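[1] predicted structure and sequence below. I'll ask about it afterward.
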Amino acid sequence: MEKKRTPQREERIREVLERRQKDLTLIVDNVWDPHNVSAILRSCDAFGIYGIHLYYTDAEWPDFANKSSASGKKWVERTPHTDAAEMVGSLRGQGYQVLRTGFSENSRPLMDFDLSKPSAVILSNEHSGTAPELAALVPDEVYIPMQGMIQSFNVSVAAGLILYHGFTQRYAKGMYDKPSFSQEEMDVIVQDWLTR
């Protein structure tokens, strides 16, 4: 069914896109649980993330059929990857700092990182951790300090907390007050979103 192209709908889309951050992203590393992935996408939409990267080599991108909470995938761009070196190299070539979540002795607390800079954070499968080929390319580890007995957050909760940290840093710098897209980029994306 054709979506209505009303002036009100276009205005709403432009308002949302004007706050989207094109240089803060997540890399979802073989997270297979559809509930977790759906929750990650919802957090991305909520905190104004334009797109994420999907690194799936030993798991399949989850099937969201008939899941009402899957609406986040409608508004968050997804770029698939199977080559770790190409993906990380491309992001670094665009000026991104690339981080991964982890608990090694070299890991630093989330508050130590400035996510107002172009940033990509790898979120991995809770059971198997970061894919070895990604870990070899990304030495900088981040962890979310916890005060209880449990060692780690659920991956979707970790995503929300990391994105909120980035949101607060960017909000304090006024980065949500001006579009991160050029007018030409904005016009193209608006036309695409009007069809969704």
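    Looks like it came in fine. Computed from a predicted model, the values in this text were never measured in an experiment.
[2] give me the number of residues near Asp140?
    For Asp140, the count of nearby residues is 15 (other Cβ atoms under 10 Å). C-betas here are computed from N, CA, C, even on glycine.
[3] quick check: buried residues in the one helix or strand in the chain whose mean pLDDT sits lowest?
    When the helices and strands of the chain are compared on mean pLDDT, DSSP states H and E, helix 72-75 comes out lowest with a mean of 88. Within helix 72-75, the residues that count as buried by 16 or more other Cβ atoms under 10 Å are 72-73, 75.
[4] one more: stretch 74-82?
    Buried residues in stretch 74-82 (16+ other Cβ under 10 Å): 75-77, 81.
[5] C-terminal to the longest helix along the chain, what's the next element?
    Ordering each helix of the chain by length in residues (DSSP state H) puts helix 155-172 first. For helix 155-172, the succeeding helix or strand toward the C-terminus, using DSSP states H and E, is helix 183-193.
[6] how far off centre is that following helix?
    Computed by Cα atoms, centre = their mean, to the nearest Å, the chain-centroid distance of helix 183-193 equals 20 Å.
[7] all numbers from here: first residue = 158
    Fine by me, first position is 158 from now on; the one you just mentioned is helix 340-350.
[8] that one - what's its average pLDDT?
    Average pLDDT, helix 340-350: 96.
[9] check stretch 161-171 too.
    Across stretch 161-171, the average pLDDT comes to 91.
[10] contacts for that stretch, please.
    The set of residues external to stretch 161-171 that reach it, using Cβ atoms under 8 Å, 6 or more residues apart in numbering, is 160, 343, 347, 350-351.
[11] and those as a markdown table, adding distance to Ala203?
    A markdown table is the format used below for the contacts of stretch 161-171 (distance: Cβ to Cβ, whole Å):
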| residue | distance to Ala203 |
| --- | --- |
| Lys160 | 22 |
| Met343 | 20 |
| Val347 | 20 |
| Trp350 | 17 |
| Leu351 | 21 |
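[12] of all those residues, which two lie farthest apart?
    Longest distance between any two of the contacts of stretch 161-171 is 18.3 Å, between Lys160 and Met343; criterion Cβ to Cβ.
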